[in-house]
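# my questions are about this predicted structure, shown below with the sequence.
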Protein chains: 2
Amino acid sequence: MPALSLQPIQARIAESTLSRGTQFAQIADFHRWLAKTAEHAYMNVDRIALDRLIGWNHDGMTGNIGHQSGKFFTVEGLKVSFPESPVADWTQPIINQPEVGILGILVKEFDGVLHCLMQAKNEPGNHNGLQLSPTVQATRSNYTRVHQGRPVPYLDYFRDTSRHGVIADVRQSEQGSWFYQKRNRNMVVEVTEDVELLDGFCWLTLGQVHELLTVPDLMNMDARTVLSCMPFSGAGLARTFTPNVGDGFGTSLIRSCDPAEGALHHTDDILSWITEMRSRVDVHAERTPLNGLRRWHHADGKISHETGRFFDVIGVSVEAGGREVGGWTQPMIEPVGTGIIAFLVKQIDGVLHALVHARVEPGYADVVELAPTVQCTPENYDHLPAEARPPFLDEVLGASPDRIRFDTVLSEEGGRFFSARNRYLIIETDGDPGLGRPDFRWVAAHQLGELLRHSYYLNVQARSLSACLHSLSTTRTTLLAQR
Amino acid sequence: MPALSLQPIQARIAESTLSRGTQFAQIADFHRWLAKTAEHAYMNVDRIALDRLIGWNHDGMTGNIGHQSGKFFTVEGLKVSFPESPVADWTQPIINQPEVGILGILVKEFDGVLHCLMQAKNEPGNHNGLQLSPTVQATRSNYTRVHQGRPVPYLDYFRDTSRHGVIADVRQSEQGSWFYQKRNRNMVVEVTEDVELLDGFCWLTLGQVHELLTVPDLMNMDARTVLSCMPFSGAGLARTFTPNVGDGFGTSLIRSCDPAEGALHHTDDILSWITEMRSRVDVHAERTPLNGLRRWHHADGKISHETGRFFDVIGVSVEAGGREVGGWTQPMIEPVGTGIIAFLVKQIDGVLHALVHARVEPGYADVVELAPTVQCTPENYDHLPAEARPPFLDEVLGASPDRIRFDTVLSEEGGRFFSARNRYLIIETDGDPGLGRPDFRWVAAHQLGELLRHSYYLNVQARSLSACLHSLSTTRTTLLAQR
């Protein structure tokens, strides 16, 4: 049955999720390496007033904040009309970064097992210093060298892939509440040639990456989104790999990654539902001058909402060692509070499904993307009526410990967001909480994988959680390859 | 081998392409019906000066032309920067129609064979009166009744699909040179219940639709784009249906619709190539006031380019019988000249492939869409140097008659475009004209079908040609179902 045999790349990915690494035999070895790397990394970040940024100008007419080179990004205003939502219209600051950057993980086989080249990288927004990033995270300004820095290591593998194997290559959105139509290119590229291992980089198997996803604030957002685009799902997976020890949950997760095991809804019906949601929702967002926002005020060197909620636009001054340039200043977004990002998951006919939400964010390129079941900062809803409280939030926060399959605080992109942290949760449920809600659907992991081959279906939070979900195949089961 | 068995819907679609109709046993019966329908349809269209439009205002500040209701569409300016192109930057008028409309074909089985409910419809831009349109072509303004007209027949089948079968449902772009980020929802919905046949509507098999695609200016653009989104391709198709009579071309076309027959490039490589093109191209388009365009002038009641090339924005006054409202005026785009829209196709290992072009148009939502091999109005290039002449245009225009597989002049959307006509061509070639051109790729029909499940991969011209390509399975071969 040729069509049911596992594709080679999916088999090799599954193999890597089962394997210890070559560079670090034990995960403790990795942590020692990270601690040692941290000794040589240095970054000092100070808050400064927005009007003390160097090289950044406030446009005289609009108040928009932009770099004098015209590159990097601008902070502008956005005017949103969304009649069906609890707040029918609002204005807000937003980051406009039209450049498409590259987020790339280089992979290579050692002893027949795929390893990912990860970088221990400091970013001004990281509250804890080094986090693990993809091999490359480069904006176009980075690699066209607008900031006169050193060349980005390993970038050429991603700029010219003709001699290499491309495992994933897809443009994806980022936070639609903070970015205006931001998109990055997510790439996984395989090389067979020798690769020099530079300081601050290390080779990890997917099994090790999965284990490290459970460490708070370690695997950064860019790493998570690229990981989510790897083709984990494949027809025949459930037959080829069987959980050895582990509960029914592990088995249902492996089956969920296998299209041959089916799903509650046909993928065409999921696509039609997305089309319906995108067509029905009436939302308009347009850029507007930063100095004309209602209820946002520029005071004390930052821009804040009059209630103190949502986020502030702040300035930072950065001094770094071991990075492209030694020092710079920049605006950043500092969110208020720690968010909750959660999937409710459920075994349906023995196949694990996640409850996804067709969510509107004003910065999306196409109205709606699929989001986690819950994605919010609870405090932002305190002042709104109970009906406005996000659905399923109480179910997530009140879950009994034995239903919590994943629970780790992880950071968002440290180059633009200052200390932006979310608690990522995967909660198993038996009920049918999505029943009768037209903006929620149960989907299997292989359907998420199919959607992730294309742009703008899963938002960045759902992609992060999807990576966390896959990590459970390593951390909650021991798989037995039957070959 | 379950994964290789033909899916039921693809089998029924293939069956319909082989079948004569129930309502019209012969195609001559259809033409008699159309002629009779035309006797009862009446539409008189006069050109009028733009400033004589009734209910449309010219904004005092920008000169943008909009309807006083704030609905329908506006004519604005667009400022484009595209450094790599022969003309590095320009401004132009553009239609901004943010509303998502519905283009829907209702299908139903008669005597076990799928039939499409098509409408003989007059549009002000049709140079020849009635053309065949989908069951429904409705803007949101249409169906929310902004213009106080009669309800749109059959619309409810598409607004609430819960009781029906959804065969296709995807948002697609339209002309990116004339529309700013226009998107319509393309739907095919199957009903089993009785459907009243209203005046001006008829039931046609896909075989009949295919035959009528060869009639000049008959199958309208909206019908073609919806047809292209039907799932013609299916694994096992080549085994189940074999051309009975016909040449190798017919066989290679059927094999091209069958994913099991393979293709020159893996679909993941095609997706990566699209990602690469979308990431690499440096193009910026932003809306700008209509009265500030360079080299475009408002004179003699219309807006024209100073060279007389490209298109004019004109006004029309319409009087209609048998339509939603009796009379109205509106602005329209009138292109200069008849365009050439062509696929070069080639048998590669017995599987037909089409040469697609990764094309930039300023109105696209995501930079690049896949276009026909050639898509241009030759006169627009007369003033440019020879290097700027579209690739493969001479090969298409000089093709010997025995290599021309399809050659019909068809009209573009008659609700916005006045007498916009293109010559659609499919030319078979043996050479490898795409070799070494990074912006062209050979793709099989089943790959086009896979891309058409998602938004914004194929532009409207490529979708039209894709429908024409499928029509050749009816008109150039007689298929033998082996079941």
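In hand now; what should we look at?
# could you list everything the residue of the stretch 101-250 of chain A found nearest chain B pairs with in the sheet?
Of all residues in the stretch 101-250 of chain A, the one sitting closest to chain B is A:Asp169 (3.8 Å; CB to the nearest CB). In this view, the C-beta of every residue, glycine as well, is placed from N, C-alpha and C. Bridge pairing for A:Asp169 (DSSP bridges) gives the partners A:Met187.
# surely it and B:Met277 touch.
No: taking contacts as CB atoms under 8 Å, A:Asp169 lies outside contact range of B:Met277: 11.3 Å.
# on that earlier part again, who's in contact with the residue of the stretch 101-250 of chain A closest to chain B?
A:161, A:185-188, B:271-272, B:275-276 (CB atoms under 8 Å, 6 or more residues apart in numbering or on different chains).
# may I ask which two of these are separated the most?
A:Val188 and B:Glu276 (14.3 Å; CB to CB).
# and the stretch 201-350 of chain A, which residues reach chain B?
Within the stretch 201-350 of chain A, the positions near chain B by CB under 8 Å from any CB of the partner chain are A:235, A:260, A:268-269, A:271-272, A:275-276, A:278-279, A:284.
# return the subset of these lying in strands.
A:His284 (DSSP state E).
# look up phi and psi at A:Gly21.
phi -90, psi 170 (degrees, to the nearest 10).
# surely it and A:Leu206 touch.
No: with contact defined as CB under 8 Å, A:Gly21 does not count as touching A:Leu206 (9.8 Å).
# what about these two, which has more around it?
More crowded of A:Gly21 and A:Leu206, by other CB atoms under 10 Å in any protein chain shown: A:Leu206, with 28 against 24.
# that one reaches A:Ser16, doesn't it?
Yes: applying CB under 8 Å, one finds A:Leu206 in contact with A:Ser16, separated by 4.0 Å.
# ok, back up a step: farthest-apart pair in the residues of the stretch 201-350 of chain A next to chain B, please.
A:Ala260 and A:His284 (42.6 Å).
# more crowded one of these two?
A:Ala260 (17 against 13).
# show the pLDDT at that one.
Listed pLDDT for A:Ala260 reads 93.
# what about the nearest residue to it once chain neighbours are set aside, how many neighbours?
Leaving aside its sequence neighbours, A:Ala260 sits nearest to A:Ala235 (CB to CB, 6 or more residues apart in numbering or on different chains; 4.6 Å). Neighbour count of A:Ala235, defined by other CB under 10 Å: 21.
# next one: phi and psi at A:Ala235?
According to degrees, to the nearest 10, the main-chain angles of A:Ala235 amount to phi -60, psi 130.
# going along the chain, name the helices of chain A.
A:8-17, A:27-40, A:140-143, A:155-159, A:206-212, A:221-228, A:237-240, A:248-256, A:267-280, A:393-397, A:445-451, A:460-475 (DSSP state H).
# what is the second one packed up against?
Here helix A:27-40 touches strand A:113-122, strand A:130-133, strand A:201-205, helix A:206-212, going by 3 or more CB pairs under 8 Å, 6 or more residues apart in numbering or on different chains; DSSP states H and E.
# spatially nearest residue to A:Pro391 (excluding sequence neighbours)?
A:Arg437 (6.9 Å).
# close enough to count as contact, A:Asp349 and A:Gly262?
Yes: A:Asp349 is within contact range of A:Gly262, at 7.5 Å (criterion: CB under 8 Å).
# higher neighbour count, these two?
Ranked by neighbour count (other CB under 10 Å), A:Asp349 and A:Gly262 place A:Gly262 first, with 16 against 11.
# who's in contact with the more buried one?
So A:Gly262 contacts A:349, A:351, A:444 (CB under 8 Å, 6+ apart).
# ramachandran angles for it?
Dihedral angles (degrees, to the nearest 10) for A:Gly262: phi 80, psi -180.
# circling back to that earlier point, adding mean pLDDT, write the helices of chain A out as JSON lines.
Listed next are the helices of chain A as JSON lines, based on pLDDT from 0 to 100:
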{"stretch": "helix A:8-17", "mean pLDDT": "93"}
{"stretch": "helix A:27-40", "mean pLDDT": "96"}
{"stretch": "helix A:140-143", "mean pLDDT": "74"}
{"stretch": "helix A:155-159", "mean pLDDT": "96"}
{"stretch": "helix A:206-212", "mean pLDDT": "97"}
{"stretch": "helix A:221-228", "mean pLDDT": "98"}
{"stretch": "helix A:237-240", "mean pLDDT": "83"}
{"stretch": "helix A:248-256", "mean pLDDT": "93"}
{"stretch": "helix A:267-280", "mean pLDDT": "96"}
{"stretch": "helix A:393-397", "mean pLDDT": "94"}
{"stretch": "helix A:445-451", "mean pLDDT": "98"}
{"stretch": "helix A:460-475", "mean pLDDT": "95"}
